[in-house]
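**Q** What shape does this take:
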Amino acid sequence: MTQLPPPSSVKLGLVIDLDTCVGCHACVVSCKGWNTENYGAPLADEDPYGADPVGTFLNRVHSYEIQPDEGAAQLVHFPKSCLHCEDAPCVTVCPTGASYKRAEDGIVLVNESDCIGCGLCAWACPYGAREMDVAEKVMKKCTLCVDRIYNENLPEEDRVPACVRTCPAGARHFGDLGDPDSDVSQLVAERGGLDLMPEQGTKPVNKYLPPRPRDKAPEYDILAPYLEPVTDTPKGFVGWLDRALSALPGGE
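**A** Below is the predicted model of the structure:
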């Protein structure tokens, strides 16, 4: 079985703002594209339009409608990928050492050349963050785009995970959660960032910022003034088209 390294002072991870995420799946698409360069969209790796599509996704977005005790119902979009746990059960259960946690930055990775595809890591992960690549017969997971974040050939603004770089809502943040003065650590402290399923004792590095409660349902009637017709008589091309169609038999 694989041993975990001593806790590192650097803990690279993600902070995901559930109040900001709009569920657009841009992070899923960019993750798929960067890691497989397959279809540029969340399609299966093999036979995407056939009877037996198969594929691997390192990041997924789930959506839930919740009804709090007080206030209006909310639709919460919940992105989920590997949480790079400090006490990662997927690592300690691996019989070949293929799953390992880096001592220098805390990222959990899979050495695919040593993976035998036994699936024990997927059984051990309480978050369902590992998937079997049926084409290559090895386990795969989020790598925090380790090939991006240390790549000095990329512009500095691109040295973040692909999902963070592409998020249009700014709901995903990347940094060192082991540094209490880092931007991500300050964000967690200010917004009350949460561990996912802390009762599992895995001590996930990634944090979630809870959605802010909605006091009341949105007032859709504020749009009413903008929905009134601008004029009773169509003008321009629309007016011509209206007159032409009205002149046809049965047009009135």
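**Q** how close does residue 2 get to residue 128?
**A** 20 Å (CB to CB, to the nearest Å). Quick note: C-beta positions are derived from backbone N, CA and C, even for glycine.
**Q** out of those two, which sits in the busier spot?
**A** Legend: neighbour count by other CB atoms under 10 Å for residue 2 and residue 128, higher for residue 2 (19 against 9).
**Q** what about that one, which helix or strand?
**A** Applying DSSP states H and E as the criterion places residue 2 outside every helix and strand.
**Q** Run a quick neighbour tally on the residue nearest to residue 45 when sequence neighbours are not counted.
**A** Among residues not flanking residue 45 along the chain, residue 55 sits closest, at 4.1 Å (CB to CB, 6 or more residues apart in numbering). If you count neighbours by other CB under 10 Å, residue 55 ends up with 19.
**Q** Show the contacting residues for the nearest residue to residue 75 once chain neighbours are set aside.
**A** Nearest residue to residue 75 in three dimensions, chain neighbours excluded: residue 65, at 5.3 Å (CB to CB, 6+ apart). Residue 65 sits next to 73, 74, 75, 76 when contact means CB atoms under 8 Å, 6 or more residues apart in numbering.
**Q** of these, buried ones?
**A** Buried members of the contacts of residue 65, scored by 16 or more other CB atoms under 10 Å, are residue 74.
**Q** Break down the stretch 51-200 of the chain into its strands, ranges please.
**A** For the stretch 51-200 of the chain, the strands defined by DSSP state E, counting those that start in this stretch cover 59-66, 74-81, 99-101, 108-110, 131-133, 138-140, 172-176.
**Q** Local confidence estimate at residue 45?
**A** We have a pLDDT of 73 for residue 45.
**Q** Identify the residues contacting it.
**A** The contact partners of residue 45, taken as CB under 8 Å, 6+ apart, are 36, 38, 54, 55, 56, 133, 135.
**Q** Tell me which of the strands of the stretch 51-200 of the chain lies nearest to residue 244.
**A** Residue 244 lies closest to strand 74-81 among these, at 44.2 Å (CB to CB).
**Q** Can you give the contact residues for the closest one?
**A** Taking contacts as CB under 8 Å, 6+ apart, the residues outside strand 74-81 that touch it are 14, 16, 18, 21-23, 27, 31, 58-66, 68, 127-129, 141-142, 163, 171-172, 196, 206, 211, 213-214.
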